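Asks: Next come a sequence and a model predicted from it.
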Amino acid sequence: MPLPRRPRTPGRPSRRPAARTAAAVAVAALAGCGGTAPPAPGATAAATARPSPHKHTPGMRMNGAAPAADASGSAAPGTTASAVADARTVPGRRLARGTLAPAPGRPAGTQAVAGTAWLAAGTTGTTVTVEVTGLPARTWFMVHLQVGPCSDPDAAAFGFPAAAGGPAHELHVMFATRDDGTATVSGEDPGDAGDAVRSVAVLPESMTGRVACADLA
């Protein structure tokens, strides 16, 4: 004899449509305080350089310019993001200067590159400043220090020796150009490069080849 079936309990109505996610609550609270809600996923600011994929890695000290101004106070393209002094204004250091010359085999769109590089080195640290023109607008580039002259296509990057708080490393200064293809950027390291740096090079973001180079004197 078949057993009688148990009556089904009516399901509870879904409460999900009425519930708000934590993100929605946060956005509502921000709007109520006069703030601006974050952009939708995938949204990007107009006319800004895309973020550079280069990050801090072992053996590399990275600093330089942010891609665009934002609410956090990052610098505009073509300027230094952190408060790094101009090499020409740092007291008590040896100051060297060089004129940027276009490098052979430079990428397309950089044929008119020109500018000046300064390097101030001493026991209080090393600062490099580069003023450059003739580059594509809102595009990422990198400055680094070389132990060889510009005439040496295989000149190695200068390496700061290991010191308290970190291993041996190089100084790479990332920067994004302004709308007119210019930039003024500075980078610094607490180490003393002495007179070992012979030249300052501007590289494409890919770090393949050079865009321009300045022999220091």
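Replies: Arrived safely.

Asks: Surely residue 88 is in a strand?
Replies: No. Read with DSSP: H, G, I helix; E, B strand; the rest coil, residue 88 is helix and lies in no strand.

Asks: Residue 95 is in contact with that one, correct?
Replies: Yes. Counting by CB atoms under 8 Å, residue 88 does reach residue 95; the two are 6.8 Å apart. Using the backbone N, CA and C atoms, a C-beta is placed for each residue, glycine as well.

Asks: Mutual contacts of these two, please.
Replies: Listed as contacting both residue 88 and residue 95 by CB atoms under 8 Å, 6 or more residues apart in numbering are 118, 120.

Asks: Mind checking which of the two has more residues around it?
Replies: residue 95 (16 against 13; other CB atoms under 10 Å).

Asks: Give the bridge partners for that one, please.
Replies: Here residue 95 shows beta-bridge partners residue 120, assigned using DSSP bridges.

Asks: Kindly give the local confidence score, pLDDT, for it.
Replies: On pLDDT, residue 95 comes in at 98.

Asks: could you list every residue that touches it?
Replies: By CB under 8 Å, 6+ apart, the contact set of residue 95 is 87, 88, 118, 119, 120.

Asks: mind checking how far the fourth one is from residue 100?
Replies: Taking CB to CB, to the nearest Å as the measure, residue 119 falls 13 Å from residue 100.

Asks: Then the second one?
Replies: Computed with CB to CB, the distance linking residue 88 and residue 100 is 15 Å.
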